[in-house]
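J.: just a sequence and a predicted model for now, questions to come.
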Amino acid sequence: MIIAKVPLRISFVGGGTDLPDFYRRTPGRVISTTINKYVYVAVNRTPLINKVSARYSISETVSHPTNLQHTRIKSALLDLGILSNIEIASFASLPAKTGFGSSSSFSVALINALHVYLGKKVNKKELAEAACRLEIELIKEPIGKQDQYAATFGGFNIFQFNSDGTVDIEPILLDYKKQALFEDHMLVFFIGITRTASSVLTEQKSKIDINFETYKKMADSVFDFKENLIKGDINRMAEILHQGWLHKKSLASNVSNDLIDNLYGAGLKAGAWGGKILGAGGGGCIMFLAPINKKSAVREAVQKIAKKNQLNEFCEIPVKFVQSGCDIIFNSDTNSID
Amino acid sequence: MEEYIKDFSAKIETALKNLPVKEIAKALNILQAVYERDGRIYIIGNGGSLAIARHFVGDLNKTVFSSHLNKKTKRFQAIALPTTDSELTAWANDIGYDMIFAGPLKNYIQETDVLVAISSSGNSSNIIKAAEVAEEFGIPIIALTGFDGGKLNKLADVKILISTAKGEYEIVESIHSAIFHLMTKYFKDYFDHKLEREKLN
């Protein structure tokens, strides 16, 4: 048995500039961090069972990976030539499609565990690229590369997506006090509506040419955000998030909607400095940065709107930043004597 | 006599002014990540570096958690290898002195761990052998070296090199010790701060 543990991520600014239609022309940039919510993938060798099993929200047992419904597991197994005698199961601390990049965290965990299963050593860069290849080339998701890199490397990083397809990683070395300050001003709420990133990104992708200058501004604001993050100027960080959110809303018709606008507006009115929707948009989670003495007011304001709109699953998600990226937390294959 | 003392202090001062700050910060991040995933921290060195290694094991495992000793706080798992003199002499006598760290490291090593290797020259063969085991296994290596960093600095993921003239052991070891105290203080402050925040919430 091999168990891979991969954190989810929050990206702050630059999301969307990791799409090839943008970074092929000029470098894209994203600043993000991993959080204390995880996806786990367990892979088990079953020499006596000539089947492939995948256990997630449903359970599948088939004689060949081609017959699997789970596209990521199917493609990964076929690509790596693992055709039988394997069980794969996944676990997560949050539901999918909430804007924390969980599907890419899953891909990273899966690819990492399968490489260990095959006895192949991969470094972090190779792992992130293999996860990108699985999602973008093999499954043809219209997504970028930021989530796979964020989940693999862990901690606060700036990722730069170069026109030749390479990615530069700049870790932001932030001490615990700055991290705690940031956490203490942050509020994250699950809106109660989920959406697939690809539904939003398909429209966004088709309009990259028209919105090119906006994307450029988004990629450049990463430096400004970093500078203020290191200084610990939360108010200014919130303003940058707010600008980024306004930019992002202009990129596709379905990034926001009335409900999201109402929630966001209510948060600001209650005293939040700024914020954004996590992930591609359309649903998922909403994040605010607020003065500590205004946090309760922001909570009450958004909860009121959630109640009015009967968002039964609306809830606050407590978030802490973590340093860990993709880890193999258990591997009994290494120690087997047979 | 005074001049001699001042000369030595000047060298220490120069070394402190040129601390590889980014690499030390990276080392703190790696130790943080190892803590988060419940991994182990193996610390190895020869002679004076062994004394520093053992000192840091004690600081990480106990000093850092001085305010938490009666609490359920998860602690660091730092280990000085080999853990017994009998293993050390068995490996040295039966196999070779090269293997005193690499041999015992293989008993424990897991994907979640990190190796902290201390060698002023960066060329001690028993340290290099252990670093090779870590590299082959794919766990990060934090190296504290001196002089020109030697082979160890090249192998390492985090390169804390105190660059000095060859043979300046006293300077290098003094600075290594200061860096470990910095790390100890950082994590002690971090866990104390965490406790304060928990009280507030």
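T.: Nice, I can see it. Numbering: from 1, shown residues only, chains lettered A, B, ... in the order given.
J.: neighbours of A:Ile329, how many?
T.: Residues within reach of A:Ile329, counting by other CB atoms under 10 Å in any protein chain shown, total 17. Just so you know, the C-beta spots here come from the backbone N, C-alpha and C atoms, and that holds for glycine as well.
J.: element containing it, please.
T.: Using DSSP states H and E, A:Ile329 sits within strand A:327-331.
J.: same check on A:Glu183?
T.: When elements are assigned from DSSP H and E, A:Glu183 belongs to helix A:176-184.
J.: now for that helix, which elements pack on it?
T.: For helix A:176-184, the packing partners by 3 or more CB pairs under 8 Å, 6 or more residues apart in numbering or on different chains; DSSP states H and E come out as helix A:212-231, helix A:234-249, strand A:321-322, helix B:169-200.
J.: got the CA positions of it in CSV?
T.: Coordinates of each C-alpha in helix A:176-184 appear next as CSV, following Å, rounded to 0.1, in the frame of the first residue of the first chain:
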residue,chain,number,x,y,z
TYR,A,176,5.5,32.4,10.9
LYS,A,177,4.4,35.9,12.2
LYS,A,178,3.5,37.2,8.7
GLN,A,179,1.7,33.9,7.9
ALA,A,180,-0.3,34.1,11.2
LEU,A,181,-1.1,37.8,10.5
PHE,A,182,-2.4,36.9,7.1
GLU,A,183,-4.5,34.0,8.5
ASP,A,184,-5.9,36.1,11.2
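J.: after that helix, which helix or strand is next?
T.: Per DSSP H and E, the first helix or strand lying C-terminal to helix A:176-184 is strand A:186-190.
J.: quick one: list the elements packing against that following strand.
T.: strand A:285-289, helix A:295-308, strand A:315-316.
J.: residue contacts, A:Leu201?
T.: With contact set as CB atoms under 8 Å, 6 or more residues apart in numbering or on different chains, A:Leu201 has these partners: A:19, A:142-144, A:280.
J.: tell me the buried residues in the helix holding A:Glu183?
T.: A:176, A:178-182 (16 or more other CB atoms under 10 Å in any protein chain shown).
J.: quick check: angle from that helix to helix A:212-231?
T.: With axes from the mean of the first three to the mean of the last three CA atoms, to 10 degrees applied, the angle from helix A:176-184 to helix A:212-231 works out at 120 degrees.
J.: run the chain-centre distance for helix A:176-184.
T.: Centroid separation for helix A:176-184 versus its chain: 21 Å, with CA atoms, centre = their mean, to the nearest Å.
J.: for stretch A:228-240, same thing?
T.: Its chain's C-alpha centre and that of stretch A:228-240 lie 22 Å apart, by CA atoms, centre = their mean.
J.: end-to-end on it?
T.: With CA to CA, to the nearest Å as the measure, the first residue of stretch A:228-240 is 10 Å from its last.
J.: coming back round to it: the contacts of A:Leu201 in helices, which ones?
T.: Judged by DSSP state H, the subset of these located in helices is empty.
J.: what's the pLDDT at residue 179?
T.: I'll assume chain A. Per-residue confidence at A:Gln179 stands at 96 (pLDDT).
J.: my question was about chain B
T.: Confidence for B:Ile179, expressed as pLDDT, is 98.
J.: pretty sure it is in contact with B:Leu19, am I right?
T.: Yes. Contact status for B:Ile179 versus B:Leu19: in contact at 7.4 Å, counting by CB atoms under 8 Å.
J.: who has more neighbours, these two?
T.: The residue with the greater number of neighbours, taking B:Ile179 and B:Leu19 and applying other CB under 10 Å, is B:Ile179; the counts read 22 against 15.
J.: contact partners for that one?
T.: If you count contacts by CB under 8 Å, 6+ apart, then B:Ile179 has B:19, B:24, B:144, B:160 around it.
J.: great, nothing more from me.
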